[in-house]
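Chemist: The sequence and its predicted three-dimensional model are supplied below.
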Amino acid sequence: MRFSEPPTSGRRLLSPLVWVAFAIIAAAAVTGWLVPKESALPREAVDPRPVVARGDLAADEQNAIEVFRLASPSTVHIRTAQTALDFFSLNLFAIPKGSGTGFIWDRLGHIVTNFHVIEGADRAYVTLADQSTWQATIVGAYPDKDLAVLRIGAPREQLHPILIGESRSLQVGQRVYAIGNPFGLDQTLTTGIVSALNREIESVTGRPIRGVIQTDAAINPGNSGGPLLDSAGRLIGVNTAIYSPSGAFAGIGFAIPVDEVNRIVPRLIRDGRLIRPALGIRVAPPAFLEALGIAQGVAVIGVDPNGAAARAGIVPFRPTRDGAVIAGDVIVALNGEPTPDLETLLDLLERHQPGETVTLTVERAGERREVPVTLDVAS
């Protein structure tokens, strides 16, 4: 049987070679092969654009430059490590743990930073502004205020102590500057204002840190322990924490006020720890105060027989056999400053040292009196 060929249409099909030619032409058009190259066009000689004179820097720019010039040599980069043991070789090696910021306190080589920057580390390295690096030793720490002091053996001429200011006279709206090492980027300057005063944050031990400065100067991971400065380049706080849902800067940073730092650091350098004064009392829980209708104050429910309070005649609340309570002393002030709760009393006590005499204002059964007390050493 013989098959007939299919009928052909009236159009002729293009050969494959024609399709290839079309593709080459299209590609040439797209890539510019068919367009004259720029190098083939005539060129003109063009001089650099003239520089426009800017005039003097603005006053706030000049001030920021001066603050950085003054304080950056005092700001350091801190890296920490933790020693670990290789299970197979039994060799010791250092595992990088974290980094932060600090500042030079004096020409003896003392460096101030946050306690949480060095927490859990057994090695610390301090890099100065001249990029020299020194191994540091821990002099002392006070976790309740998130402060620590390190020491390095750098020559005195390489040490530039930071200028110390005060925080008690700060005002909301005042210009501030922060220098630190956010994300490891050393010697970073950020600016802002004092956003609020007398904030409260929680330390690594859970105790509240009061009187904290709030600022909107950008503070990020790595800024911890760095200086917060006023427009004169003086230390007014130690950058400590941020409030951020994401973990990065969100416009709210906190700094420990310099008045607290200047009180605590010399004692850490001298004693290696903060030796607290003690009254030798046990205090009632808040529920006890509510049950007795005591709105504010620190109710004493026990005294150390050999302690400062007992020697001064402080009397505790005492239960009777029939379940009643004999009124004792409620401490309502220390040296004239109100003590509405235990944390306030502890903060006020920490401003003093063992052996000093303070005046407690106490109330008992509606009567108020002043009691001088010579402070003991806390155990």
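Modeler: Alright, I've got the coordinates.
Chemist: Which helix or which strand is home to the closest residue to residue 313 other than its chain neighbours?
Modeler: Among residues not flanking residue 313 along the chain, residue 371 sits closest, at 6.6 Å (CB to CB, 6 or more residues apart in numbering). The way it works is simple: take the backbone N, C-alpha and C, and place the C-beta from them, glycine included. Here residue 371 is covered by strand 367-374, with elements defined by DSSP states H and E.
Chemist: what are the phi and psi values for the residue nearest the centre of the chain?
Modeler: With the centre of the chain defined as its mean C-alpha position, the nearest residue by CA atoms, centre = their mean is residue 240, 1.5 Å away. As for residue 240, its main-chain torsions (degrees, to the nearest 10) stand at phi -130, psi -40.
Chemist: go on, residue 301?
Modeler: In terms of degrees, to the nearest 10, the main-chain angles of residue 301 are phi -120, psi 0.
Chemist: how near is it to residue 222?
Modeler: Noted for residue 301: a distance of 46 Å to residue 222, by CB to CB, to the nearest Å.
Chemist: ok, those two, which is more surrounded?
Modeler: Using other CB atoms under 10 Å, the more surrounded residue of residue 301 and residue 222 is residue 222, with 22 against 16.
Chemist: Wasn't residue 261 part of a strand?
Modeler: No: residue assignment for residue 261, taken from DSSP: H, G, I helix; E, B strand; the rest coil, gives helix, which places it outside any strand.
Chemist: Please list all residues in contact with it.
Modeler: 112, 147, 235, 237-238 (CB atoms under 8 Å, 6 or more residues apart in numbering).
Chemist: Greatest separation within those residues: which pair is it?
Modeler: Pairwise distances across the contacts of residue 261 (CB to CB) peak at 12.9 Å, for the pair 147 and 235.
Chemist: from what I can see residue 299 touches residue 283, true?
Modeler: Yes: under the criterion of CB atoms under 8 Å, residue 299 lies in contact with residue 283, with a separation of 6.3 Å.
Chemist: These two: who's more crowded?
Modeler: Summary of the neighbour comparison: residue 299 and residue 283, criterion other CB under 10 Å, with residue 299 having more neighbours (23 against 19).
Chemist: wait, is the more buried one part of a strand?
Modeler: Yes: assessed by three-state DSSP, residue 299 belongs to a strand.
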